[in-house]
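Asks: Everything below, folded, please.
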Amino acid sequence: MIRNLETHDWLMITSIFLMLLLVIMRFFYETRFSKLLSLTNMSAYFIEYKNRKNSFFSLFNALLLLFMLGVFSLFILIMQTYFFKTKLTLINYLNSIEIFSLFVVGRYLIGKILSYIFEVNKIQGILSFVKFTYLSIIALYLLPLSFLYVYGFFNVYFLWFTISVFLIFLLFFYIKILITNQKLIFSNLFYFILYLCALEIVPLIYLYKLMILKV
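Replies: Sure thing, here's the model as predicted:
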């Protein structure tokens, strides 16, 4: 049991848990995990897995989602510690998990509702799978940078470097989504614009509001 919420004992437990998730995925899904890590083979990864039955709700993706939850929640807490002077404690980390969970669930529900209204379930499923995969990759590279920061190896400049890396990766992957799926997107341009507003811009504003409320 964690002795003191003000100590970094929980950080050690969190890091072990997240690394354990990676080990499990690497051991039981060696081929798929290796393809996911290979940025040069992303097109082949999407072709192979996006059309599989229940591919989005597989055990592999469930483990990835759990991993993403841990990493992005930690990243949210890191930004709160800098911008809102929040303390790096277990309670605040659990609050960050709550924030990110609400963000994910809300975004998923809005996406499903819109896809049923406009009868574009298949398009929404493909876009969700692509976005989920890219965010998983970002989480994989964000984890070591986040832990280097929270363990005090680098100063505030390193935090800005980490944030910049996150934004660059996010922009790069959005461009990749546009290029790879341009035929699908331009044939359903109205839905895609609505998708960007309802599932990208609004949830980010909602996430920011939650971060402020939890400070």
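
Asks: can you tell me the helix or strand for the one residue sitting closest to the centre of the chain?
Replies: In the chain, the residue lying closest to the centroid (CA atoms, centre = their mean) is L135, at 4.2 Å. Assigned by DSSP states H and E, L135 belongs to helix 121-150.

Asks: Go through that helix and flag the buried ones.
Replies: 123-140, 142-143, 145-147, 149-150 (16 or more other CB atoms under 10 Å). Heads up, the C-betas are built off the backbone N, CA and C, glycines and all.

Asks: And stretch 23-38, by the same measure?
Replies: 24-25, 29, 32-33, 35-36.

Asks: farthest pair in those?
Replies: I24 and K35 (16.8 Å; CB to CB).

Asks: for the protein, what spans make up the strands?
Replies: In the chain, no strands are defined using DSSP state E.

Asks: could you pull out the helices for it?
Replies: Using DSSP state H, the helices found in the chain span residues 9-28, 30-37, 42-49, 59-83, 90-117, 121-150, 156-180, 182-186, 189-196, 202-213.

Asks: could you give the angle of the fourth one to helix 121-150?
Replies: Spelled out, that is helix 59-83. When axes from the mean of the first three to the mean of the last three CA atoms, to 10 degrees is applied, the directions of helix 59-83 and helix 121-150 differ by 50 degrees.

Asks: In terms of secondary structure, what does helix 59-83 contact?
Replies: helix 9-28, helix 90-117, helix 121-150, helix 156-180, helix 202-213 (3 or more CB pairs under 8 Å, 6 or more residues apart in numbering; DSSP states H and E).

Asks: Determine the set of other helices and strands touching the second one.
Replies: With contacts defined as 3+ CB pairs under 8 Å, 6+ apart, the secondary structure elements packing on helix 90-117 are helix 9-28, helix 59-83, helix 121-150, helix 189-196, helix 202-213.

Asks: in that helix, what counts as buried?
Replies: Within helix 90-117, the residues scored as buried using 16+ other CB under 10 Å are 90, 92-93, 95-97, 99-100, 103-104, 106-107, 110-111, 114-115.

Asks: next one: the first one
Replies: Going by neighbour count (16+ other CB under 10 Å), the buried part of helix 9-28 is 10-11, 14-15, 18, 21, 24-25.

Asks: quick one: stretch 84-91 to chain centroid distance?
Replies: Here stretch 84-91 is found 21 Å from its chain centre; the criterion is CA atoms, centre = their mean, to the nearest Å.

Asks: Kindly export that stretch (C-alpha atoms) in CSV.
Replies: Below are the C-alpha coordinates for stretch 84-91, written out as CSV (Å, rounded to 0.1, in the frame of the first residue of the first chain):
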residue,chain,number,x,y,z
PHE,A,84,-2.1,25.3,-12.8
LYS,A,85,0.5,24.5,-10.1
THR,A,86,-1.2,21.2,-9.3
LYS,A,87,0.8,18.8,-7.0
LEU,A,88,2.1,15.5,-8.4
THR,A,89,0.1,13.2,-6.2
LEU,A,90,-1.8,10.0,-6.5
ILE,A,91,-5.2,11.7,-5.9
